[in-house]
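Trainee: Sequence and predicted model, in that order:
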Amino acid sequence: MPAADAALAPIHDFTRKLLQPGLRPAVVNYLRWRRAVRAARAAGAPEPPLPEGGPLSVNLDLTTACNYACDHCIDWDALNLAVRHEDGELREALRNLRARGLQSVILIGGGEPTVHPGFGGIVRFLKQDLGVQVAVVSNGSRNEKILEVADCFTRGDWVRLSLDSGADATFQAMHKPKGKGITLDRICELAGEVKRANPALQLGFSFVITWRGARRDAVSVIENLGEMEEAAARAKAAGFDYVSFKPFLTRAEAGAEVLDPAQAEEEQAQVRARIRAGLLAAARLEDGAFRVVESTNLRVFLDGTWREYTRQPRECHMQALRQVMSPLGTFNCPAHRGVEKARIGGKAAWAGTGAEGAAGTARVLDRFDASRECREVTCLYNPVNHHLEALVAGDADPELLLEAAEASDGSDDFFL
């Protein structure tokens, strides 16, 4: 059964996003193809090939290099490896994906995107040559690199800084930055300069909530739960558009990112109560220019429905619409970055003819059983996957059902 849509944060309402005119035709083609595949199998007939196309949105890991050593990092095992993209090959893959319908790119981890020497060039290539929406998730240590390309961002683009603290002492202890002069004060100061350079750019302060007893493998994670209000005040003063709160995730033995609230020295009810108090205090700072955002993971943790988001359909349809491109390879989901069973192909799977990416996508749709592989994952794509599965399994034409659904609000948010 699908999880309750009422718990969704707007930025994670992917069902609504897929109804947008810029995405809907590709979604309809995918659904009709998936339905045709099942019909062919039932009839013992040859299966139709994947339609010409590709993912609508990608998470692009420019590098595995990182200048921090965060104990709470979910990608710890994939950092600072001797692998890299070839610039020409990467640009070819992105150009091909754009021709296949790519609409957005999120420059994000494994590593820290701004330490990649070609960061600025790739941002300008994506914006000025390809014309896609672009977002950046950064640790903030090299905000001057973001400032250098601030002029090319357009409405709908965003930058989110992973800061996770209200006080610099906590920031230093949690992130262990490598290099002189990297402080929370300096990061926020430069973030304000980025926002002033381009007010159309949405600027976010990301805060992963940690609590006593949380750990990554055998490593204890520093608690920051008591600094939620302080972080919100700092974000507002620096000129951020919002502060985003989300719960700490760890990796299961199988490699997936999971929520494990049992990792706490206090009763879960007490942890929830403290988080709610922090949210309430932060929310008092909201006004027309600043807001407090609760992630979907946090909402379902607080209302006790997070287990519903671990009940996945067998087939993850979103892996055809949103993928991860990394120096480690191309993968089906950010929650399985670097996990071999989730591999679609090599790092340049969509370069050349794109045959490797297309074949890998079709293969992973059949091979990857989300009901088993993601049974511990509090999945952000759970509601939309159940919705898409109902459209594939049903009798009515998917396009008619999509047209009958609530229309998009026209915000053109193509980030998946």
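Mentor: Now that the structure is in, tell me what you want to look at. Numbers count the residues shown, from 1 in each chain.
Trainee: And the next helix or strand past the worst-scoring helix or strand of the chain on mean pLDDT?
Mentor: One helix or strand of the chain scores below all others by mean pLDDT, DSSP states H and E: strand 257-259, with a mean of 44. Per DSSP states H and E, the first helix or strand lying C-terminal to strand 257-259 is helix 268-283.
Trainee: could you say what helices and strands that next one packs with?
Mentor: Identification of packing neighbours for helix 268-283 by 3 or more C-beta pairs under 8 Å, 6 or more residues apart in numbering; DSSP states H and E yields helix 228-238, strand 242-247, strand 291-294, helix 296-302. The way it works is simple: take the backbone N, C-alpha and C, and place the C-beta from them, glycine included.
Trainee: Just the buried positions in it, please.
Mentor: Buried residues in helix 268-283, counted by 16 or more other C-beta atoms under 10 Å: 271-272, 274-275, 278-279, 282.
Trainee: and what of stretch 19-39?
Mentor: 19-20, 22-24, 26-35, 37.
Trainee: Stretch 386-401 too?
Mentor: Neighbour count says stretch 386-401 has 386-389, 391-392, 398-399 buried, by 16+ other C-beta under 10 Å.
Trainee: and if you look at stretch 45-60?
Mentor: Across stretch 45-60, burial judged by 16+ other C-beta under 10 Å covers 50-51, 53-60.
Trainee: Cross these against strands and list the overlap.
Mentor: 57-60 (DSSP state E).
Trainee: Tell me where the stretch 1-150 of the chain has strands.
Mentor: Using DSSP state E, counting those that start in this stretch, the strands of the stretch 1-150 of the chain run over 57-61, 104-108, 133-138.
Trainee: I'd like a version of the ones you listed in a markdown table, one that adds mean pLDDT and distance to W158 as further columns.
Mentor: Converted to a markdown table, these look like this (pLDDT from 0 to 100; distance: least, C-beta to C-beta, whole Å):
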| stretch | mean pLDDT | distance to W158 |
| --- | --- | --- |
| strand 57-61 | 96 | 13 |
| strand 104-108 | 96 | 9 |
| strand 133-138 | 97 | 5 |
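Trainee: Now distance to E229 too, for the ones you listed, in CSV please.
Mentor: Listed next are the strands of the stretch 1-150 of the chain as CSV, based on distance: least, C-beta to C-beta, whole Å:
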stretch, distance to E229
strand 57-61, 31
strand 104-108, 27
strand 133-138, 24
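Trainee: what's the closest of those strands to I344?
Mentor: With C-beta to C-beta as the criterion, I344 lies closest to strand 57-61 of the strands of the stretch 1-150 of the chain, at 11.0 Å.
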